[in-house]
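>>> could you work out the structure for the sequence below:
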Amino acid sequence: MTDKYDEDGKKLWRHVTKDVEPLDEHNDAQISSPKGKSSSKNKPKNKTTRPAKEGVVKHTLNHVQQAPEIDHRTSQRLKRGQISIEGRIDLHGMTQNQAYDALLGFIPSAYEQGKRCVLVITGKGGWQSASSSLLDREIGVLKQKTPEWLNEAPLSKYVLKIQNARPNHGGDGALYVLLRRKR
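Here you go, the predicted model:
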């Protein structure tokens, strides 16, 4: 029985650490001397940065963008799903290009119509079957790319905040997008 748990633990550890790179020979941390001055002998001599591995996609499960112009109360209301949704777009089944083009049409149009909060349904993607383990499941491409697209020009000028949707609005497969007020 313990062999199964050991093997599952090893599989989980390999999954968690697959993108981890070892530190350079020199530690980049600066150690302070008792007088508060950093010690020059602990600084690395040749500081090199490693390029990201080819094909590695870095993502977060909780896509949140916070703009300085948004007040705390509005931010909390969005997070709780308490702002009425005035428009929605479903990107299920679209290719990346189709989804991007759809967002390029939808977000500016919603802004021009004075809509404040819209729901972008990306889907969770990558779910293979009910029997597959959590380690074998991947996050869908549209779920990864949509927040990136919304945070970059030309769409970023319309977007005030992005927040994962509540379960009743699609949960991890959807995003609340709070649009800027039309001036």
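
>>> show me what the top helix by length along the chain packs onto, helices and strands only.
Using DSSP state H, we find that the single longest helix of the chain is helix 96-112. If contacts are counted by 3 or more C-beta pairs under 8 Å, 6 or more residues apart in numbering; DSSP states H and E, helix 96-112 sits against strand 87-90, strand 117-121, helix 141-151, strand 174-179. Backbone N, C-alpha and C define where each C-beta goes, glycine included.

>>> relative orientation of that helix and helix 141-151 in degrees?
Helix 96-112 runs at 40 degrees relative to helix 141-151, counting by axes from the mean of the first three to the mean of the last three C-alpha atoms, to 10 degrees.

>>> tell me the mean pLDDT for helix 96-112?
Averaging pLDDT along helix 96-112 yields 96.

>>> and stretch 171-183, by the same measure?
92.

>>> most tightly surrounded among the helices and strands packed on helix 96-112?
Burial of the helices and strands packed on helix 96-112 is given as mean neighbour count (mean count of other C-beta atoms under 10 Å); strand 174-179 ranks first at a mean of 24.

>>> quick revisit: for the longest helix of the chain, which residues meet the burial criterion?
Buried residues in helix 96-112, counted by 16 or more other C-beta atoms under 10 Å: 99-100, 103, 106-107, 110-111.

>>> among the helices and strands packed on helix 96-112, which is nearest residue 19?
Smallest distance to residue 19 across those (C-beta to C-beta): 14.6 Å, for helix 141-151.

>>> widest-spaced pair of the buried residues of helix 96-112?
Farthest-apart pair in those is 99 and 111; separation 18.3 Å (C-beta to C-beta).

>>> how close does residue 119 get to residue 82?
Distance, residue 119 to residue 82, by C-beta to C-beta, to the nearest Å: 14 Å.

>>> same deal with residue 15?
According to C-beta to C-beta, residue 15 and residue 82 sit 36 Å apart.
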